[in-house]
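**Q** just need the structure, nothing else, for what follows:
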Amino acid sequence: MKKLENRRILVVDDEPDLQEILKDELEIAGAQVFRASSGNEALALLNNNPIDCIVSDMRMSDGDGMSLLKALNQINTPKPVFILLTGFNDYTNQEAYDLGAKAVLQKPCDLYDVINAVHDSLIDSRTKLVRKFERVESDFMVELQFDFLETKIKLRALNIGLGGMFISLSENFPSIGERVYFTISYTDQTNKKNISGLSKCKWVRKSNTNNLQTGIGLEFVAMNEKTFENVQQLVTLFKNNSFIPMQ
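**A** A predicted model of the protein is given here:
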């Protein structure tokens, strides 16, 4: 079976040549491809066509990629996975992940990376994350212990999203792209719990900006079954639609 067999992908880009190239590569991978030239055109198309994943450019004249992502968050029905392609600094990766984008690729990007990003983003979370892993000495280590989880939520020291988490740090930051082993112990009401596993550092904020604390954004990579269950409970508790929260 081809990598994207029977997947329905919407490509949103106002440059016809790039749109055509992405369409051809996605079809080779087995996908059924729809096309739109703007965010507004994409929204109209979504009204009548179920879509599994959207691959969208950032800058477009009639509704840009971030506006499209924000509009999708207002839809109550299951939303397509969203992948953003950008060559500009209009928005930060932090903002895109916070709004729910599962991947942000910098243009120009390798078509192979786009196909892999689409494939990986469509894998069920449990299937993708619950697996054996080994911690190695070179892994950056984050170890936290919270007596009362609700207090840390209010202080914005921790936030759990659908695909990762924000952890407030003031020093000793990992590098972007670095493997991070995390272990967080906390008390949920009267029960002591723990989440631990491997993650990847997606962004680092070393100074307080726009009332946002210093800290890191981590994407989950691997964890055991119990941690997965605890993470899902925390996602419900945080009531978060972000993939990786900004704070």
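**Q** need the contact list for the nearest residue in space to residue 68 that is not next to it in sequence.
**A** Leaving aside its sequence neighbours, residue 68 sits nearest to residue 39 (CB to CB, 6 or more residues apart in numbering; 3.5 Å). Where C-beta positions appear, they are placed from N, C-alpha and C, glycine not excepted. Contacts of residue 39 were listed using CB atoms under 8 Å, 6 or more residues apart in numbering, and they are 12, 56, 60, 62-65, 67-68, 71.
**Q** ok, 7 Å please
**A** Going by CB atoms under 7 Å, 6 or more residues apart in numbering, residue 39 touches 12, 60, 62-65, 67-68.
**Q** same question for residue 217.
**A** 94, 97, 164, 166, 202-203, 244.
**Q** quick check: bridge partners of the closest residue to residue 147 other than its chain neighbours?
**A** Closest residue to residue 147 apart from its sequence neighbours, by CB to CB, 6+ apart: residue 187 at 5.7 Å. Taking DSSP bridges as the rule, residue 187 bridges to residue 192.
**Q** now residue 187: how far from residue 193?
**A** Distance of residue 187 to residue 193, given as CB to CB, to the nearest Å: 7 Å.
**Q** same thing with residue 44?
**A** Using CB to CB, residue 44 is found at 45 Å from residue 193.
**Q** show me which of those two is the more surrounded one.
**A** More crowded of residue 44 and residue 193, by other CB atoms under 10 Å: residue 193, with 18 against 12.
**Q** looking at it, the more buried one is touching residue 231, isn't it?
**A** No - counting by CB atoms under 7 Å, residue 193 does not reach residue 231; the two are 10.4 Å apart.
**Q** what is the end-to-end distance of stretch 74-94?
**A** Distance across stretch 74-94, first residue to last, is 20 Å (CA to CA, to the nearest Å).
**Q** buried sites along that stretch?
**A** Within stretch 74-94, the residues scored as buried using 16 or more other CB atoms under 10 Å are 79-86, 91, 93-94.
**Q** what do you get for stretch 38-49?
**A** Judged by neighbour count using 16+ other CB under 10 Å, the buried positions of stretch 38-49 are 38-43, 46.
**Q** nearest to residue 175, of these?
**A** Distance to residue 175 across these (CB to CB) is lowest for residue 39, with 33.2 Å.
**Q** count the residues that sit near residue 67.
**A** As a burial measure, residue 67 scores 16 neighbours (other CB under 10 Å).
**Q** need the contact list for it.
**A** Here residue 67 is in contact with residue 39 (CB under 7 Å, 6+ apart).
**Q** against the centre of this protein, work out the most remote residue.
**A** Farthest-out residue of the chain from its mean C-alpha position, per CA atoms, centre = their mean: residue 190, at 31.1 Å.
**Q** quick check: which element contains residue 229?
**A** helix 225-238 (DSSP states H and E).
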